[in-house]
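Asker: I'll drop the sequence and a predicted model, then ask my questions.
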Amino acid sequence: MIDLNAPIWRQVDSAGNDADKWLRRLLSGEEAFREGMEILAEDLSHQLSYYSATAYVLPHLAALCGRLSLEDRHFLIAQIGAAIASEGAMSLVPDTTEYREFHEGLDGLRPIVRDLIQNHPEVLAAASGEDGQMFALGALAILGDRGHVIALYNLSGSCWEEGPGMCACGWEEECIPLNGGPDCCIESAEIAPWDGKSLDDEAVWVNGLLERAGDEDIRPVIHLVYGTGVCPECGKREPYWAWYSRWFDEDF
Ligand SMILES: [Zn+2]
């Protein structure tokens, strides 16, 4: 964890370039927690871009998170998920200070998220629709595949009704209907019921968390995005996520 008076804070970036100011206010209690947390999270996730300040902020947030009420821990995870997930679109270089800080932050947040999921299901069940959905995505960013979170945020542009994909043969489609219909070309994954505790199978626990949150936006397409694409051109079968990343890498 890097002291807030260290020179590095003048070099790191965020959307407003003042992440250290908001972090300082949060840590001192000078700013009301939820208001300050919302501003800091927006500063670090504007337009789903990755900002280098995120890595340096995370260890401080992990330490703060452990001292909060269960409801505020939940709020923090929901808010910071997009900032963490955005690293999945670029991936930090190992053996750098930035990489170490980012992972120190994740290491601190993981047990807090696991505890919320496994021992305090009532907190998520009581959250409002959007907060519950954001918590599920935040938990996925911290415990699972960050690229999947970015993809799920990007699919919100079509209200999770369509998604892009590209096969290695060159076939690509920007608007695959995520409805299981004849033009869908994705076979559903069989998603087993969740025991409310296990975090081994990402599709199972993410689906379970979204169900616990009462989500009706993302949950209906989970069996497809974790399913298998079947190329209409060459017939090759691949996880939909492989189609998504190929399309994303090609087009961005
Ligand atoms: Zn193909």
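Answerer: Sure thing, it's come through.
Asker: state the distance from residue 19 to residue 31.
Answerer: Distance, residue 19 to residue 31, by Cβ to Cβ, to the nearest Å: 13 Å. Glycine gets a C-beta too; all of them are placed from N, C-alpha and C.
Asker: pick out whichever of those two has more residues nearby.
Answerer: A side-by-side neighbour count of residue 19 and residue 31, using other Cβ atoms under 10 Å, places residue 19 first with 25 against 18.
Asker: model confidence for the more buried one, exactly?
Answerer: With respect to pLDDT, residue 19 scores 95.
Asker: hang on, it packs against residue 12?
Answerer: Yes. If you go by Cβ atoms under 8 Å, residue 19 and residue 12 touch, sitting 7.2 Å apart.
Asker: all helices of this protein, in order?
Answerer: Under the criterion DSSP state H, helices of the chain are mapped to 19-28, 33-45, 53-65, 70-85, 97-119, 121-126, 129-143, 146-155, 202-212, 219-225, 240-251.
Asker: check those helices for me: which has the lowest mean pLDDT.
Answerer: helix 240-251 (a mean of 92).
Asker: touching the ion at all, that one?
Answerer: No. Judged by Cβ under 5 Å from the ion, helix 240-251 and the ion are separated, with a smallest distance of 9.4 Å.
Asker: now do the domain split for this protein, please.
Answerer: Following automatic domain parsing, one finds the domains of the chain at 7-146, 156-251.
Asker: winner for burial among the ones you listed?
Answerer: Neighbour counts (mean count of other Cβ atoms under 10 Å) averaged over each of the domains of the chain peak at domain 7-146, with a mean of 19.
Asker: now find how far off-centre that one is within its chain.
Answerer: Computed by Cα atoms, centre = their mean, to the nearest Å, the chain-centroid distance of domain 7-146 equals 10 Å.
Asker: first-to-last residue distance for it?
Answerer: Terminal residues of domain 7-146 are spaced 29 Å apart (Cα to Cα, to the nearest Å).
Asker: next: stretch 210-228.
Answerer: First-to-last residue span, stretch 210-228, Cα to Cα: 21 Å.
Asker: is it positioned near the ion?
Answerer: No. Stretch 210-228 stays clear of the ion (Cβ under 5 Å from the ion), getting no nearer than 12.9 Å.
Asker: what confidence value was assigned to the residue nearest to residue 233 when sequence neighbours are not counted?
Answerer: Nearest in space to residue 233, with sequence neighbours left out and distances taken as Cβ to Cβ, 6 or more residues apart in numbering, is residue 171 at 4.0 Å. For residue 171, the pLDDT comes out at 97.
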